[in-house]
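Trainee: fold the following.
(3 chains)
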Amino acid sequence: MLTLLTDFGLQDAYVGVLKGMIAQIDSTIQVIDLTHQIPPQNITQARFVLMTAVPYFPAGTVHVAIVDPGVGSARRAIAVAIGDDWAKPAAFLVGPDNGIVSGVTSQYPILGAISLTTPCFWRTTTPSFTFHGRDIFAPVGAHLAGGVPFGELGTAIDPATLVALDLPMPMRVGNQIQGCIQAIDQFGNLITNISAADVGENWTIQLGTRLIASCKTYRDRPVGELVALIGSHGWVEIAINSGNAAHAFDIIVGDEVWLH
Amino acid sequence: MLTLLTDFGLQDAYVGVLKGMIAQIDSTIQVIDLTHQIPPQNITQARFVLMTAVPYFPAGTVHVAIVDPGVGSARRAIAVAIGDDWAKPAAFLVGPDNGIVSGVTSQYPILGAISLTTPCFWRTTTPSFTFHGRDIFAPVGAHLAGGVPFGELGTAIDPATLVALDLPMPMRVGNQIQGCIQAIDQFGNLITNISAADVGENWTIQLGTRLIASCKTYRDRPVGELVALIGSHGWVEIAINSGNAAHAFDIIVGDEVWLH
Amino acid sequence: MLTLLTDFGLQDAYVGVLKGMIAQIDSTIQVIDLTHQIPPQNITQARFVLMTAVPYFPAGTVHVAIVDPGVGSARRAIAVAIGDDWAKPAAFLVGPDNGIVSGVTSQYPILGAISLTTPCFWRTTTPSFTFHGRDIFAPVGAHLAGGVPFGELGTAIDPATLVALDLPMPMRVGNQIQGCIQAIDQFGNLITNISAADVGENWTIQLGTRLIASCKTYRDRPVGELVALIGSHGWVEIAINSGNAAHAFDIIVGDEVWLH
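Mentor: Numbers count the residues shown, from 1 in each chain, chains lettered A, B, ... in the order given. I've put the predicted structure just below:
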């Protein structure tokens, strides 16, 4: 099984081309779309979507994630194996080394990482300057899902050298936690980087000067009012019942929140 | 075979998470997207799309339909078997009991209905308050498609207690039929609740004060003009050749039409 | 394996209905979406997407392409086999005879063409006037992918009679080439009809009065500046680094360019 996450959109041939390449290598691979509608070049959003999807897939699934503003530059192409046990890796991640996999690797142990330097698993030994998805990532992902051993895909690299996105970590200050908005979903819900594990039953979150008491569901407040709850992904989330909180308050990823 | 219909959109991880859950339960299930772009919480639109898609799928297909503004409230989670014969049900429907399946059940006999009360077929015995798609509907659908008998998924309920959407039925008044717009597609075509079976060869439909004579194809009238025809789904439909009738006349679902 | 390319969008039931029809005929066929978001009735865009996707699929793939403003009129429904060898056709194309396959057939030899006149491979012998995708193209494509011999699907026709889109061919004038914009992708990148094979290492392209020197990647110029390069599809392409060239310069398909 192999999943695809890109910012290619669904209007052009690019996604179809990836699937054609995969089918040419092994037509028995089951391909699942995570999304192709990451806002162009938004690695932060891609990192969040990948991090929240991976835990729900069968062990050993290959996740190919391609949001790659540095395509054609010197950035590395990588694959990462995660989990506790080489006998049954939780998942494999394939993509550019630009932080896109750093959400997942913050949640799982890394078994190993490689730089994709073995051209016999690419579409061609002279990949294009603009479409490594077709020429490197999809073919390597297909070979990996089809049974090629992880280590043969390239050169082992130190996982500590993988690029991480520069999101601040939540910080405990007295009995408060300072966090930030790590993602905004398509409904305008604001997802913080504060985990359900860090909060108790009753809490209040502060966004700018607004204080929002915790509840269980979007409908616990009247239509149009702010709600704060533990989202289905396990993070503290701020939303407007039947509204768009990001638009209403002009919030962007990285904005600060305080949890009391 | 299992289909998915939701209002989750294609930008976030939600749809991928459903597919991961299904694959974890049974990776041989073939999953087909009906749509994930129902306007948020628009049960009426979801009801129409489901009703018009189900007849084209193989007998026994499991259709999981999740447009669920009441998630986390007391609304029931249900499964419905439809068709003439328990030996070969036409289809199974899984979703919230909010009327989303009521279009299909207006077209087929109901073989049985159950309330999904057996947590061993859920992802977890403590489902989230906001994402029953992941925690109940997709897992139950996967178990059903994978061979778990319908009756084991929960408690039998009286089909007469299923929530139906409150759309008026077409009414014959003399040799005229009073009907309404039951759906508007993405091209702005206005789909009435008057069936092809109720009309003859030549008819005229009245929308407000406009009278529109029947024709066969969109192109039977000049570009920009109103056409009325039997749509491919079998309902009387009003459109503008190469235009958007819903925008042009500010029509909404429920607006009245008269067929002469 | 069968691919789908349409202008049906993803909001309504139409795409699901196609997949249901295919599964009814042969549920083992692997169906891949090229795109369903061709701008409504834009045959030129569909022709380009199909042409750039087909080369990446396994030999023998059936590509069903439905952008069909003439549905219900007298235009032919066709299937075309392409490649060098009847023993292993490169691909099969199924769709309306309106030029949608003419990009592919400009790149491959045609082995044979037929008019789809055999109703036993349709959904019904009385197809609707508005949805030949469901009633003719998807069923015929499914039967072809499922093993029905090409010739049985209808009546052989002369490939020279297939409709071709009326795009000007690039023309060599001294050591310059006059070409045109043949497609605009969703990022606003302008794709010309001048092939990589026709240009050397260093060249300059003229769009209106602007002269743009060739480079390798979008990032070879500062953000917001014009770049010209060989796109991943093999055509000369004009873009703005992190911008939308089509909007910035109000370019449409067919606009002239000169390559120096």
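Trainee: could you find the closest non-adjacent residue to A:Gln107?
Mentor: A:Met51 (6.3 Å; CB to CB, 6 or more residues apart in numbering or on different chains). In this view, the C-beta of every residue, glycine as well, is placed from N, C-alpha and C.
Trainee: just list the residues touching that neighbour, thanks.
Mentor: Counting by CB atoms under 8 Å, 6 or more residues apart in numbering or on different chains, A:Met51 touches A:Gly103, A:Val104, A:Ser106, A:Gln107.
Trainee: which of those fall in helices?
Mentor: Per DSSP state H, helices hold the following members of these: A:Gly103, A:Val104.
Trainee: nearest to C:Asp84 among the contacts of A:Met51?
Mentor: Minimum distance to C:Asp84 across those is 44.8 Å, recorded for A:Val104 (CB to CB).
Trainee: roughly how far apart are the closest one and C:Glu225?
Mentor: According to CB to CB, to the nearest Å, A:Val104 and C:Glu225 sit 35 Å apart.
Trainee: those two: who's more crowded?
Mentor: Ranked by neighbour count (other CB atoms under 10 Å in any protein chain shown), A:Val104 and C:Glu225 place A:Val104 first, with 23 against 14.
Trainee: ok, that one - contacts?
Mentor: Contact analysis of A:Val104 by CB under 8 Å, 6+ apart lists A:Leu50, A:Met51, A:Val54, A:His63, A:Val80, A:Ile82, A:Ala91, A:Leu93.
Trainee: now, of these, which are buried?
Mentor: With neighbours counted using 16 or more other CB atoms under 10 Å in any protein chain shown, the contacts of A:Val104 contain these buried positions: A:Leu50, A:Met51, A:Val54, A:His63, A:Val80, A:Ile82, A:Ala91, A:Leu93.
Trainee: could you dump those residues to TSV with pLDDT and secondary structure?
Mentor: Putting the buried ones among the contacts of A:Val104 into TSV (pLDDT from 0 to 100; DSSP: H, G, I helix; E, B strand; the rest coil) gives the following:
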residue	pLDDT	secondary structure
A:Leu50	98	helix
A:Met51	96	helix
A:Val54	98	helix
A:His63	98	strand
A:Val80	98	strand
A:Ile82	98	strand
A:Ala91	98	strand
A:Leu93	98	strand
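Trainee: nearest to A:Ile230, of the residues you listed?
Mentor: Nearest member of the buried ones among the contacts of A:Val104 to A:Ile230, counting by CB to CB, is A:Met51, at 16.1 Å.
Trainee: need phi/psi at A:Pro168.
Mentor: phi -60, psi 150 (degrees, to the nearest 10).
Trainee: now do the one 3 residues further on
Mentor: In terms of degrees, to the nearest 10, the main-chain angles of A:Met171 are phi -130, psi 130.
Trainee: where exactly do the helices run in the stretch 101-250 of chain A?
Mentor: Along the stretch 101-250 of chain A, the segments classed as helices by DSSP state H, counting those that start in this stretch run A:102-105, A:132, A:138-145, A:245-249.
Trainee: could I get those helices as CSV with mean pLDDT and distance to C:Trp86?
Mentor: Below are the helices of the stretch 101-250 of chain A laid out as CSV (pLDDT from 0 to 100; distance: least, CB to CB, whole Å):
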stretch, mean pLDDT, distance to C:Trp86
helix A:102-105, 96, 48
helix A:132, 95, 36
helix A:138-145, 98, 29
helix A:245-249, 91, 57
